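**Student:** Give me a 3D structure for the following:
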Amino acid sequence: MPRCFTKISKFLLILFLITSWIFSGWPQIFNFPPKIQKAQAAWGVPKIGSLVEQAGAAGAGDITLVEPAGIAQGDLMVACIGYRGSESFSLPSGWALVATQQSSGDVDPTNGIASGVMAYIVRGAAAPDLIFTRTITVANGVAQGRIIAYSGGSATPYDTGSANTLAAAALDVTTASITTAEANELIVAMVSVGDADTTTAFDAATDPTTASGATDTTTAPTAGTWIERSDDTTLTGGDNGLAIADAIRSAAGITGTIQATVADDSRNVMIAGAFKMIPPSTYEQSAYRWFNNLDSTDVGTPLAAQDTTATLGATGALFRLRMLLHIGTAQLVISGQTFKLQFAQQSGTCDTGFVDETYADVTAATVIAYKDNTTPADGASLTANANDPTHGADTIVNQTYEELNDFTNSVAAIPSGQDGKWDFSLFDNGATASTAYCLRAVKSDGSVLNTYTVVPQITTSATAPAQSITFSLGATSLPLGALSSTAATTGSHTINVATNAANGMSVTVSGTTLTSAAGGFTITACATGCTSITNSEQFGINLKDNVTPNIGLEASGIAPIGAAATGYATVDNFRFASGEIIASSSGAINDTTFTISYLVNISAATEAGSYTTNLTYVATGTF
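**Tutor:** Just a heads-up that it's a prediction; the model follows:
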C-alpha cells in the first residue's frame, strides 16, 4: 500500500490555496556530467625562444640567448647557433655539447662556409647562464641563435648525435646516421647556412622518413615525421641562415643519413642530436585510511586504523577514503597521469590480485557512489589531517579532494620515491546491507597500476536503507490579478519531489475550480483539456513549457527525474479534474522541480466577483 503523510496549509490565491506535504528522508543525489579525462603527450609541444642575432664585428662576439616563454623546471633546453667565421663558442656553465662545426668557417657573404653549434641543458629551478662567448678575429662573423625547449625529456637526456660541414657547396646538406638506444627518442636537427638562404624538407633515410613541410610551432613532436620549427636568415655581416626541425624515432635503431635542402648551394653545416624520453612512472597503491565525512576539504574522525577495513554505522552513510599512490621509477610530472577510482563487491577477500571480483568505475549513481558535498569543489586541494595515511618514511605530496572521476596530480609533480595523496568523498547509495566492497585506483584507460600493496575494504551497515520521499512547494499563494475576457490570465509556481522508493511516486491535485465569494459563481474547468480561447470560461493547469500563452517550464533536475502525467504533459493544453495524478515516476528519482502553470479565461458574460480556490497537492511514495 502506498503511504502518504500530509500537512495541509491553506491560503488564498488571487487568491489561490495550495497545500504542502513533506516527509523527510534521504533523497538520492546524482552528479552529471562526468569529468573530462586529461592526458599528456610524452614529448610536449616545443616552447621556442626568440631569435637573437649578434652582428659579428671584430672583438667580443658573445651571444645571449633567450629562454622561451612558459618554460618549466625539468624541460630539455636545446640551444642552436648558426654563425660565420672559424672561431669557436665557449658554452655557459652547466651546458653540454652535442656538436660544433667551425674549423672551416669563413665570412664570405656569397656561398660561403657556415659554422654551427648545438648544446643542451635540463632546466633547473632557475634560469641557467645563457651567454655563449667567443672572440671574433675576422669581422663579419655574424651569429644567430635560439633556444627550443621540450617537456618529457629524461633527467639525463642526451643519447648520441652527429655533425657535418659539406666539403663542397651543394643544395642538400647531410649528416651521418645516428643509432638511438631507446624507443621514442627525440631527434633535433639544425642547419647553419653559409648565405642568407632558407631550408626545407628535413628527413632521414631510414626513420623518421616523412619530410618536414611548412614551419609549425604548435604540434607536438611526431613519430616518423619531421616538423620544421624555425627558419631564419640574416644579411648582416657574412650572411647566415638557421633552420631547426625535430622528429621522433619510435623504435631504437638507426636513422639513416639525415638531410635537408637549402635554397642555394653553400658549404653548409648540419648537426643532429638524439634525446631520451623520460621513462614511464610506475605506480603502487601503497596505503589508505577511512574517515567520517565533513563538508570540507578536510576529513572527520577516522573510522579505522590505517590500512584496515571499516564498517559503516548506518545505511546511506557518508564517508571518506584517503589513499596514497607511490611513484616508482620516474617523477610524475604535474598532471602527468590521469586515474579513476573503481569498486567491486568482495568475493573472498579484497586481494591484490582481484581474484573473482568484478570492478566498475565509481560514479555518482553506483551503490558505492561519489558524494557531492555542498562546500568543497571537486578537484580542490585537500587539507592535510594528522590522521592521514603514511607510507614508511616517504614524503607525501598532497593532491586533490575528489567528488567524481577522473583524478590526476594537478597540484604538484610527485618525485620518484614519494607518494601522492588523494581524498575521495563517498556514500552508501543503496548498497546491499552487511556487504564488503573493495576499492582500487586504475589508470583512466582502465589499465591497472604496477603494484597493489593494499586494497581498501569498506563494509556496509547491517540495516537496509529506509525508503523516503520529500515534497515541498515553491509558493503557498498565487495572486492572478484582474481577469479579462480579451486576454488569458496566467500564473505559475513550483513543486519539488524526490524519493528513493523503488516503485516511484505520484503527485495528485484536488479541489474545485475558481469560485466567487459572493453568489458561488464558478469558472468552467477544462475537465478534458483545452487550449486557450479568450472570451470563454476556462480554468486549467499543466506542467509544460508553454508557447500560447507563454508560461511554464519543463520538469528539471539531475537524472533520473519525474515526469508530467498524461493530461498535463502537452504543451499549450490545460486541464483540471480534481483527484487526478499530475506527475509521477516509476522508480526512485532525484530532486525534481515541476512548474505548475495556471490558465484562466472568462467571457463577457462571466459574473463579476472575487474568485478563489483552495487546491491540495499530495505526493505519495510507492514503497
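**Student:** all strands in the stretch 51-200 of the chain, in order from the N-terminus.
**Tutor:** 52-54, 59-60, 63-64, 76-84, 96-101, 114-122, 131-132, 135-136, 143-150, 153-165, 170-175, 179-180, 185-193, 199-204 (DSSP state E, counting those that start in this stretch).
**Student:** Quick check: buried residues in the longest one?
**Tutor:** Buried positions in strand 153-165, judged by neighbour count with 16 or more other Cβ atoms under 10 Å: Gly153, Ser154, Pro157, Tyr158, Asp159, Thr160, Gly161, Ser162, Ala163, Asn164, Thr165. Every residue, glycine included, has its C-beta placed from N, CA and C.
**Student:** Give me the pLDDT for Gln467.
**Tutor:** Gln467 carries a pLDDT value of 81.
**Student:** Once you drop chain neighbours, what's closest to it?
**Tutor:** Nearest residue to Gln467, sequence neighbours excluded (Cβ to Cβ, 6 or more residues apart in numbering): Phe623, at 4.6 Å.
**Student:** can you count the residues close to that neighbour?
**Tutor:** Neighbour count for Phe623, taken as other Cβ atoms under 10 Å: 17.
**Student:** Determine which two of the buried residues of strand 153-165 are furthest apart.
**Tutor:** Largest separation among the buried residues of strand 153-165 by Cβ to Cβ: Ser154 and Thr165, giving 29.4 Å.
**Student:** sorry, back to before: can you list the buried residues of strand 153-165 in a markdown table and add pLDDT and distance to Pro109?
**Tutor:** Shown next, in a markdown table, are the buried residues of strand 153-165 (pLDDT from 0 to 100; distance: Cβ to Cβ, whole Å):
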| residue | pLDDT | distance to Pro109 |
| --- | --- | --- |
| Gly153 | 91 | 37 |
| Ser154 | 89 | 41 |
| Pro157 | 96 | 37 |
| Tyr158 | 98 | 34 |
| Asp159 | 98 | 37 |
| Thr160 | 98 | 34 |
| Gly161 | 98 | 29 |
| Ser162 | 98 | 28 |
| Ala163 | 98 | 24 |
| Asn164 | 98 | 22 |
| Thr165 | 97 | 18 |
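**Student:** Could you list the low-pLDDT ranges of the stretch 451-600 of the chain?
**Tutor:** Scanning the stretch 451-600 of the chain for pLDDT under 70 picks out 464-465.
**Student:** ranges for the helices of it?
**Tutor:** Here the stretch 451-600 of the chain has no helices by DSSP state H, counting those that start in this stretch.
**Student:** can you list contacts of stretch 507-517?
**Tutor:** Stretch 507-517 is contacted from outside by 17, 471, 495, 497, 521-525, 539, 541, 562, 576, 578-584, 594, 600, 607, 609-620, using Cβ atoms under 8 Å, 6 or more residues apart in numbering.
**Student:** ok now that stretch, how far from the chain's centre?
**Tutor:** 51 Å (Cα atoms, centre = their mean, to the nearest Å).
**Student:** And stretch 489-503, by the same measure?
**Tutor:** That offset, for stretch 489-503, works out to 34 Å (Cα atoms, centre = their mean).
**Student:** again with stretch 117-128
**Tutor:** 31 Å.
**Student:** For it, measure first residue to last.
**Tutor:** By Cα to Cα, to the nearest Å, the extent of stretch 117-128 from end to end equals 18 Å.
**Student:** quick one: buried residues of that stretch?
**Tutor:** Val117, Met118, Ala119, Tyr120, Ile121, Val122, Arg123, Pro128.
**Student:** What count of nearby residues applies to the nearest residue to Tyr611 once chain neighbours are set aside?
**Tutor:** Among residues not flanking Tyr611 along the chain, Leu514 sits closest, at 4.0 Å (Cβ to Cβ, 6+ apart). The number of residues packed near Leu514 is 26, by other Cβ under 10 Å.
**Student:** now Gly430
**Tutor:** Neighbours around Gly430, by other Cβ under 10 Å: 20.
**Student:** and it, what element?
**Tutor:** Using DSSP states H and E, Gly430 sits within no helix or strand.
**Student:** Tell me, what's the model's pLDDT at it?
**Tutor:** Looking at Gly430, the pLDDT reads 91.
**Student:** go on, Trp21?
**Tutor:** 28.
**Student:** for the chain, what are the low-confidence residue spans?
**Tutor:** Filtered on pLDDT under 70, the chain yields the residue ranges 1-41, 464-465.
**Student:** OK, contacts around the residue in it sticking out farthest from the centre?
**Tutor:** In the chain, Gly519 marks the outermost C-alpha relative to the chain mean, sitting 65.7 Å out by Cα atoms, centre = their mean. Contacts for Gly519 were tallied using Cβ under 8 Å, 6+ apart; they are Glu607, Gly609.
**Student:** 10 Å instead, please
**Tutor:** Glu607, Ala608, Gly609 (Cβ atoms under 10 Å, 6 or more residues apart in numbering).
**Student:** Same question for Gly224.
**Tutor:** Applying Cβ under 10 Å, 6+ apart, the residues contacting Gly224 are Ala204, Asp207, Pro208, Thr209, Thr210, Ala247, Ile248, Arg249, Ser250.
**Student:** ok, now how distant is it from Thr160?
**Tutor:** Going from Gly224 to Thr160 by Cβ to Cβ, to the nearest Å gives 19 Å.
**Student:** One more: Ser347?
**Tutor:** Ser347 is 52 Å from Thr160, by Cβ to Cβ.
**Student:** Cheers, nothing more for now.
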